[in-house]
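Q: got a predicted structure here, sequence first:
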Amino acid sequence: MRYIPNTPEGTRDRLFAECQQRREIETALTGLFARRGYSEIITPEEEFYDLFTGSGSAMEQEEMVKLIDRSGKICVLRPDCTTPIARVAATRLKDMPFPQRFFYDQTVYRSGQEHMGQLREIPQCGIELIGAKGERADLEVIATAVDALRACGLEQFHIELGHADIFPALASQLSMTREELERMRSLIEGKNYAALNDFLGRFGEQPGCQALQRLAYLFGGAEVLDEAEALAGPLPAISYLRRLYQLLDQSGYGRYIRFDLGLVHHLDYYTGPVFRGYAEGAGEAVLSGGRYDQLCGVFGRSAAAAGFAIHVDAVGRCLPEPVPAKVSSMVWHPDELFTMALRYVESCTPGSCELSTCATLEDTIQLANERGIRKLVILSPGKVEEVDIGE
Amino acid sequence: MSERLRIALTKGRLQEQSVALFERAGLDCTPIHHPGRRLIHALPDYPLDVVLAKGPDVITYVEHGVCDLGIVGKDTILEKGGSFYEVLDLGFGACRFALAVPEGSEFYSGYRTRTIASKYPAITQNFFRAKGMEVGVIKIEGSVELAPILGLADGIVDIVETGATLRANGLIPIETVANVSARLIVNTASMKLHKEQIQDFILRCQRELRKEV
């Protein structure tokens, strides 16, 4: 069979503007995270499958890209960054005092569906703050999420807060089977208003019913906290969100903060505040995160923890495409001035100047013409001569 | 309120009924009645642009966020799945999915694994999986009724309107798989970024639907 040199579905080569944009976003993010005292961590691209299925992490089996290693064990390409970091914090770093602060700039792999235009290689940048809880820790993580999106150059975005305890607190007032509970959760998650009303109609006058019915509608500004309290009475999770909002608002983050009390994804995984970032230009969340206090314990050292991941490609979709520098000058040098020529190129704006690959000046002029370069830089001992060769 | 929303309607009957609903809700839909060569129809007195697409494409456009809203049959949603908000049951386009088998056959007895023909393999598979029953599913693109007649399948899962086509081919519906109707779906990010506008649109539709009841 003839070899066909294309790439597998869901992967792609990134060139020029696309490549530059990804690196700019990553540089902005990792720079911010490092300045905030987070250390970079690089975990293996390949991990044991059991790590992600045995840890209660929110990953579906069919979403993971699997491999079999030489011993016959099932491995996966890293489907998420948080679980491996929790593994490291709880095992290799079990004697290191808390809190531990990590950031990452890694690719996650998802198997995805065919022909849906989804990439299977997803670049993510994010942080984990492990071994700290309470409002100071949550404040640090959420404020860093806002600053991270700003550092990327986004202006029209908001971070939407929810809390993993709200739904269980309301649902526990109803007598429901596990299956019914899961059905209700998915209806609220999908903001399936009609089906949710029908579903809850069967539970009629039970306490909490009205609040659950409204939960899917409770998103927007801080006023939804008031409405939630009016419906459900005082709930610790809502007071906590209110307190966080006050702290964020005092520090100037208020205008980026919204709420969605119907944020009920992966309830077995998150244990406190959960959040998502939405920005004009991306049809999906650009950021997602929350508090996950149970995960590290699975690996043998219990630790409160919170963090978030930024979906680098989704952020890129919200930003104007960068224009890569255009090569505008070419350097020619006699043999003995090679190192001087290298230094000259380095002194120019990156990407604006290149070395001639031709031995003679005549060939260099021809090459420059072919490449549309109008400025020639001719080096000779003790002299740099710039020549315009444009017509 | 300056940004325009974009909605994808499923071409055909759902499109007509959707436009009728919009008009009852007071939206001027003239551009959709006189499409010309345009593919995007901007409503003159409401910030809404309308595009027409096949059902599964409506979901694709909404999921990717290139359309904020969509109107699509629940059958397509069940078959294709996806991640979006399903905010309103519009009531129209109502029909029933049923399991139909040749008259006189004993579908549920015996130990031989049954084979089902359907245009909707995912709905069929999920229906039997929920029962804990293993079946073979064969996807058929055209007239599904033919499959049991030719001996390819023991039954079919398909949309049943009057049941006349089934009867003419010696099939009888024995079980409802799902009741479906048109749904209004919303992209998850748009819902958050354009809350007021989208809520306004949902409310307008809802108000008209309530009047009908």
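A: That came in fine, so what should we check first? Numbers count the residues shown, from 1 in each chain, chains lettered A, B, ... in the order given.
Q: all contacts plus neighbour counts: C-alpha atoms, from now on.
A: Noted.
Q: need the residue closest to the centroid of chain B.
A: In chain B, the centroid-proximal residue (C-alpha atoms, centre = their mean) is B:Gly73; its distance is 1.5 Å.
Q: now do the contacts for it.
A: B:14, B:55, B:93, B:180-183 (C-alpha atoms under 8 Å, 6 or more residues apart in numbering or on different chains).
Q: quick one: it and A:Gln206, what's the gap?
A: Counting by C-alpha to C-alpha, to the nearest Å, the gap from B:Gly73 to A:Gln206 is 32 Å.
Q: and the chain, what are its domain boundaries?
A: You didn't say which chain, so I picked chain A. A:16-317, A:329-388 (automatic domain parsing).
Q: chain B, not that one
A: Taking automatic domain parsing as the criterion, chain B consists of the domains B:5-93+B:181-212, B:95-179.
Q: can you confirm whether the shortest one lies near chain A?
A: No: in terms of C-alpha under 8 Å from any C-alpha of the partner chain, no part of domain B:95-179 sits within range of chain A; the closest distance is 12.1 Å.
Q: state the mean pLDDT of that domain.
A: Mean per-residue pLDDT for domain B:95-179: 93.
Q: report the distance from the longest strand anywhere in chain B to the chain centre.
A: Longest strand in chain B by number of residues, with DSSP state E as the criterion: strand B:171-180. Relative to the centre of its chain, strand B:171-180 is centred 16 Å away, using C-alpha atoms, centre = their mean, to the nearest Å.
Q: what lies in contact with it?
A: With contacts defined as C-alpha under 8 Å, 6+ apart, strand B:171-180 is touched by B:73-75, B:93-103, B:127, B:145, B:157, B:163, B:166.
Q: for the chain, longest helix please?
A: With no chain named, the answer covers chain A. If you go by DSSP state H, chain A has its longest helix at helix A:16-35.
Q: meant chain B, my bad for not saying
A: Chain B, longest helix under DSSP H: helix B:195-212.
Q: contacts for that one next, please.
A: Looking at what lies outside helix B:195-212 - C-alpha under 8 Å, 6+ apart - the contacts are A:220, B:1, B:5, B:21-22, B:24-25, B:87-88, B:90-91, B:191.
Q: mind listing what residue 120 touches?
A: Since you didn't name a chain, this refers to chain A. Applying C-alpha under 8 Å, 6+ apart, the residues contacting A:Arg120 are A:9-11, A:108-112.
Q: right idea, wrong chain: chain B
A: B:79, B:139, B:157-158.
Q: format those as a markdown table; extra columns: neighbour count and secondary structure.
A: Listed next are those as a markdown table, based on neighbours: other C-alpha atoms under 10 Å in any protein chain shown; DSSP: H, G, I helix; E, B strand; the rest coil:
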| residue | neighbour count | secondary structure |
| --- | --- | --- |
| B:Glu79 | 17 | helix |
| B:Lys139 | 14 | strand |
| B:Val157 | 27 | strand |
| B:Asp158 | 24 | strand |
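Q: need the CA coordinates for the helix or strand where B:Ile185 lies. CSV is fine.
A: For B:Ile185, the host element (DSSP states H and E) is strand B:182-186. Once non-C-alpha atoms are left out, strand B:182-186 reads as follows in CSV (Å, rounded to 0.1, in the frame of the first residue of the first chain):
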residue,chain,number,x,y,z
ALA,B,182,-39.5,19.9,18.3
ARG,B,183,-37.1,21.5,20.9
LEU,B,184,-35.4,24.8,21.2
ILE,B,185,-31.8,24.3,22.0
VAL,B,186,-29.1,26.9,23.0
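Q: next helix or strand past that strand?
A: helix B:188-193.
Q: can you list contacts of that next one?
A: A:219-220, A:278-280, A:282-285, B:63, B:65, B:68, B:83-85, B:198.
Q: again, only this time at 10 Å
A: A:156-158, A:160, A:190-191, A:219-220, A:258-260, A:276-286, B:5, B:62-69, B:83-86, B:185, B:195, B:197-199 (C-alpha atoms under 10 Å, 6 or more residues apart in numbering or on different chains).
Q: hey, C-alpha coordinates of it in PDB?
A: What follows is helix B:188-193 as a C-alpha-only set of coordinates in PDB (Å, rounded to 0.1, in the frame of the first residue of the first chain):
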ATOM      1  CA  THR B 188     -24.000  26.800  26.400                       C
ATOM      2  CA  ALA B 189     -21.600  29.700  26.100                       C
ATOM      3  CA  SER B 190     -24.200  31.900  24.300                       C
ATOM      4  CA  MET B 191     -26.700  31.300  27.000                       C
ATOM      5  CA  LYS B 192     -24.200  32.800  29.500                       C
ATOM      6  CA  LEU B 193     -22.900  35.600  27.300                       C
END
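Q: among the contacts of helix B:195-212, which lie within helices?
A: Using DSSP H, the members of the contacts of helix B:195-212 that fall in helices are B:21-22, B:24, B:191.
Q: of those, grab the buried ones for PyMOL.
A: Buried members of the ones in helices among the contacts of helix B:195-212, defined by 16 or more other C-alpha atoms under 10 Å in any protein chain shown, are picked up in PyMOL with:
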select buried, chain B and resi 21+22+191
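Q: closest to chain A among the ones in helices among the contacts of helix B:195-212?
A: Nearest to chain A among the ones in helices among the contacts of helix B:195-212: B:Met191, at 9.5 Å, using C-alpha to the nearest C-alpha.
Q: which strand residues bridge B:Leu5?
A: B:Leu48 (DSSP bridges).
Q: nearest spatial neighbour of B:Pro173, chain-adjacent residues omitted?
A: B:Ala100 (3.9 Å; C-alpha to C-alpha, 6 or more residues apart in numbering or on different chains).
Q: can you name the residues that contact A:Ile42?
A: Listed by C-alpha under 10 Å, 6+ apart, the contact set of A:Ile42 reads A:81, A:84-85, A:102-106.
Q: show me what from chain A comes close to chain B.
A: Contact residues (C-alpha under 10 Å from any C-alpha of the partner chain) of chain A with chain B: A:116-118, A:156-158, A:160, A:187-196, A:216-217, A:219-220, A:258-260, A:276-286.
Q: what's the ChimeraX line that selects buried ones from those residues?
A: Buried members of those, defined by 16+ other C-alpha under 10 Å, are picked up in ChimeraX with:
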select /A:118,157,158,160,187,188,189,190,191,192,193,194,195,196,216,217,219,220,258,259,260,276,277,278,279,280,281,282,283,284,285,286
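Q: among the residues of chain A next to chain B, which lie within helices?
A: Using DSSP H, the subset of these located in helices is A:187-189, A:193-196.
Q: nearest to A:Ile41, of those?
A: A:Glu189 (32.5 Å; C-alpha to C-alpha).
Q: could you find the closest non-adjacent residue to the closest one?
A: Counting by C-alpha to C-alpha, 6+ apart, A:Val264 is the residue found nearest to A:Glu189 once chain neighbours are left out, at 5.7 Å.
Q: burial of the one you found, as a residue count?
A: 25 (other C-alpha atoms under 10 Å in any protein chain shown).
Q: just the pLDDT for it.
A: So A:Val264 comes in at 88 (pLDDT).
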